[in-house]
Each structure stands twice: as C-alpha cells, then as structure tokens.
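A.B. asks: using only what follows, build the 3D model:
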Amino acid sequence: LSIHESRHVSQMQFGMTQAMKPFNWIFGEMFNILTAVFYPGMATMEGDAVIMETAYSNSGRGRIADFLNYYRVAFDEGVERSWYKWRYGSKRFYTPNYYALGYITIGGIRTLYDCPDFMYRMYELAARRPYDLGAYYTTIKNVTGKKLKPVFKEISDSLKVEWKAEADARAPYIPFDALTKTSKIYTDYTQSISTPDGLFTVKSGYLNTPVLIKIDLDSGKEKFVHNISANISNLQLDENNSRIWWSESTRSSRWSLKSKSILYRMDTGSGKVKSFRNRELLHNPAPSPEGELVAVAQYNVNGTTGVTILESEGGQWREGHQAPDSLQIVELAWKEQNNIYCSAISDGGYGIYMLDRRLDRWKMILQPRPVMITNLNCTDKGLSFTSDLDGENELYNLDLQNNTLIRKSRSRFGLSDYADIPEAGLAVF
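C.D. replies: Below is the predicted model:
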C-alpha cells in the first residue's frame, strides 16, 4: 500500500510543473489531484500504481491469482470486449474493477512497445500542453502509431496466447461436473460448507443481494435460508451441534471509517440464527471440537491482533491471547482442545501458526510466503486451505503429523471456495 500510494504522489507532481504551475498559485495543491486523475483516467492512474507495487514488492496485486483470474478465463473462452466495455461494464456481463484493466493496458504498452516510461511521457505532455485533454490517447498514438482500440486488441491477443500456454502446461486437470445451472446473468457462489443437513453456500450476483442458501447435491436445487451481508467471514461448522458460525462487518451509519462486527450462529436443521454483538472487532469465528467455546480473531484500535475465546451459548468472554507484534491474525481453525491454528500475515506474507492455550505460546507451522491463504479448515489429519502457491488458486492439505504439504487439486485457471464431502469422496467448489 505504501508503494501504491507513493506512486500516486509521484503522479501528482506533474501538476506543479511547466504550464500547469500557475494553476497551483490559484487553486493550491488540490489542483494536482485533479490533473493526476483527469488526463489519464482512473483506470490508467490506478493500473500504473498497481504495476509499481507489483514490481517493487513480493505481494503486489499483480502477483495474486485472483487479480487477473477473470480476464484469464474470459480470454480463454473467447470473450472479446472493447476497452470501454471492460472499463465501464454492463448490466448483464460481470466486469472486474478498473485496477486490473489499467494494469493490463499500461503493462501491455510497456512490454509490447518497449516503453517503460509511458506514464512519464503522458504526464509530461499534459503538463506542457494542458489544452490537450486527450493527452493519454495522444501519447498512445505517439508511442504505438495506433489508436487505443487496436492497441488493446494486440495486448489482449498477446495475453491470450501467453495465458493459454501456461494453462495447457498445467494439464491434466481434475474432472468435475456442474452442480448448479449456469445463469444467464452473473451469479457468484462463495463460502461453501458441507454439513449433515446439506451443502450451504452464499449466493450473490446482479439479480440478488447476498443470501445463504442450501443446495441439494443430487438435484442441484437451491433453497433460501437466510439474508446475509456482503462482508462475511469464512463459514465454520460446529459438527457436534450442527451449527454454522460466521461473522459480518457493518459500517457505521454516521462515521464512514467506523465499523463493527457481528457474530452469527445458525442451526443447520432448523435454520434458526442467533447473533452476538460486541464492542470489540471480532471476526472469523471457529468453534471448539466440543462446541462449547468459539475462538475469534480480535482486532484492536492500536493495530494489534489476538485470539479471543467466547462461550458459544451466551457469547461471554472466557480468555484472550495476544498475537506477537509481527502477526496479523486472519482465519482460525480449532482442531484440538488446547491448540488453535490460524493463518496470519507478517512481513514475509501469509503463514500458518498454532496457539497453545495452556502455555499462551505461539508456534510457526507453515513458514510465511508471499502468497494468499484462504478458507482455512480442519481435516482428519491436519488442515486444508486454498492458496495460489503455484500461481493459481488450488486446494492444499497440511498433514500436521508428518508436517507435509500436499496439493489436492489441479485446474486450468484455479478454483475457490472449496467444501469437502469426505463421506462421498467429493469436493464442491
């Protein structure tokens, strides 16, 4: 984030130079923000900053599988849209945010036309000739000799060839069948979890706000269960009591930067939901093996994090464990009575750690790496999670007895939101 925002500061400097300098005397430094956004547009401005954070760090968005995943799948399936359709989207077709589009466009020009200083040329032209309101398009024409439309087509075609070669090299892929019907309007299924009462997942899209539904594994029919927030944690199952736990984050109606968290517990049989409200920011609940307690990640206003233990019935506080200063707790998985596992972020990236409740001591289980770790859950022998360790999101199992990491899936462009169904030998994603 520091690299990304520092790049924006660099972009704003051009509003203080050459023909634009007198405008600063009249409007002040706020004028620099206007020029930095107006001439290239938000997509180009943000895409350039993402390039910088990717180039100068090991964890920039350009290195994360999710960032360009939709483009990779769309290009592979022959989807062709103009730059403007990718930028502004539509009511029918899903469109990723403009950060990814700017990243692809500027990165493509820098690579295909050997112009690493494209943004400098564009901003310098705008500062020298403020009346050229299309300085972005003028610079593209000066560098490539073409307009934006054919340039973006060349960039798309080159990425299509590159990504296809990478995907073909990943073969063979795991076989799979569609469980739900393909919707004509964009629909997303996330946070899936398998229970004795059925498969639960969160459904959202252009036609409906996020809702928790239950899917019949034989017919694929969907049944509404409960309305849910757009900002939720990973769903966790309390097997003993057949309950699903999750947390939701809501913003204050008065203060835009203030938020609060709500813990939820739902009985999978009856569908009854109970909420637990706290003044603290408590997220990502994980029930204990017996179901009497629940562990949550607590985020403090001073920037520290920790693990808090609550009673599962009334939500009363039982104990708290402060995480080391270098760790930010993310997701939790409670496998053993006295040992709680969690994914956490440090300077080295995502890692997996264990909290010994008796000794109040932390132990590193999986060394941190500049990759993503999500959907942390317990298995018979250890833990399972999704990670883009090899460049695409795949399912991994961590055997805690042998301390071995095994990749359990291989797909063309990655998978997400897994739900293991051990009794059927299946996985839903």
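A.B. asks: check which helix or strand the closest residue to Cys378 other than its chain neighbours maps to.
C.D. replies: Spatial nearest neighbour of Cys378, excluding adjacent residues (Cβ to Cβ, 6 or more residues apart in numbering): Lys335 at 4.5 Å. Placement of C-beta: from N, CA and C, glycine included. Using DSSP states H and E, Lys335 maps to strand 328-336.
A.B. asks: quick one, the helix or strand just after that strand and strand 328-336 angle?
C.D. replies: The C-terminal neighbour of strand 328-336 among helices and strands, as given by DSSP H and E, is strand 339-346. Relative orientation of strand 339-346 and strand 328-336, computed by axes from the mean of the first three to the mean of the last three Cα atoms, to 10 degrees: 160 degrees.
A.B. asks: how about strand 339-346: buried residues?
C.D. replies: By neighbour count with 16 or more other Cβ atoms under 10 Å, strand 339-346 contains the buried residues 339-345.
A.B. asks: so what's the gap between that strand and the chain middle?
C.D. replies: Going by Cα atoms, centre = their mean, to the nearest Å, the spacing between the C-alpha centre of strand 339-346 and its chain's C-alpha centre is 18 Å.
A.B. asks: can you map out the helices along the chain?
C.D. replies: 2-12, 21-27, 30-38, 42-55, 65-76, 83-88, 98-112, 118-128, 135-144, 148-168 (DSSP state H).
A.B. asks: any idea which residue sits dead centre in this structure?
C.D. replies: Asp66 (6.4 Å; Cα atoms, centre = their mean).
A.B. asks: low-confidence bits of the chain, can you list those?
C.D. replies: Within the chain, the stretches with pLDDT under 70 are 422-424.
A.B. asks: repeat that for 80
C.D. replies: 91-92, 207, 218, 239-241, 252, 256-257, 420-426 (pLDDT under 80).
A.B. asks: what sits against Ser219?
C.D. replies: Not one residue lies near Ser219 by Cβ atoms under 8 Å, 6 or more residues apart in numbering.
A.B. asks: and the strand holding Lys335, what's buried?
C.D. replies: Judged by neighbour count (16+ other Cβ under 10 Å), strand 328-336 contains these buried residues: 329-335.
A.B. asks: ok so, going back, and of the buried residues of strand 339-346, the nearest to Leu101?
C.D. replies: The closest of those to Leu101 turns out to be Ile345 (Cβ to Cβ; 26.9 Å).
A.B. asks: quick one: the closest one and Thr138, what's the gap?
C.D. replies: 42 Å (Cβ to Cβ, to the nearest Å).
A.B. asks: how many residues are close by Gly134?
C.D. replies: Using other Cβ atoms under 10 Å, Gly134 is surrounded by 11 other residues.
A.B. asks: same question, Thr305
C.D. replies: Using other Cβ under 10 Å: Thr305 sits among 21 other residues.
A.B. asks: how much space between the closest residue to it other than its chain neighbours and Tyr353?
C.D. replies: Of all residues not flanking Thr305 in the chain, Ile329 sits nearest, at 4.4 Å (Cβ to Cβ, 6+ apart). Noted for Ile329: a distance of 8 Å to Tyr353, by Cβ to Cβ.
A.B. asks: pull up the overlap in contacts between the two.
C.D. replies: 342-344.
A.B. asks: of those, closest to Ala286?
C.D. replies: Using Cβ to Cβ, the shared contacts of Ile329 and Tyr353 come closest to Ala286 at Cys342, 8.4 Å.
A.B. asks: for the closest one, list each beta-bridge partner.
C.D. replies: Leu332, Tyr353 (DSSP bridges).
A.B. asks: isn't it right next to Leu332, touching?
C.D. replies: Yes. Using Cβ atoms under 8 Å, Cys342 is in contact with Leu332, at 4.9 Å.
A.B. asks: what do those two both touch?
C.D. replies: Joint contacts of Cys342 and Leu332 (Cβ under 8 Å, 6+ apart) are 297, 307, 376.
A.B. asks: what about the first one, distance to Lys260?
C.D. replies: Same thing as Ala297. In this view, Ala297 and Lys260 are 15 Å apart by Cβ to Cβ.
A.B. asks: cool, the second one as well?
C.D. replies: For Val307, the distance to Lys260 (Cβ to Cβ) stands at 19 Å.
A.B. asks: does Asn377 touch Gln236 like I think?
C.D. replies: Yes. Contact criterion Cβ under 8 Å: Asn377 and Gln236 qualify, at 7.5 Å.
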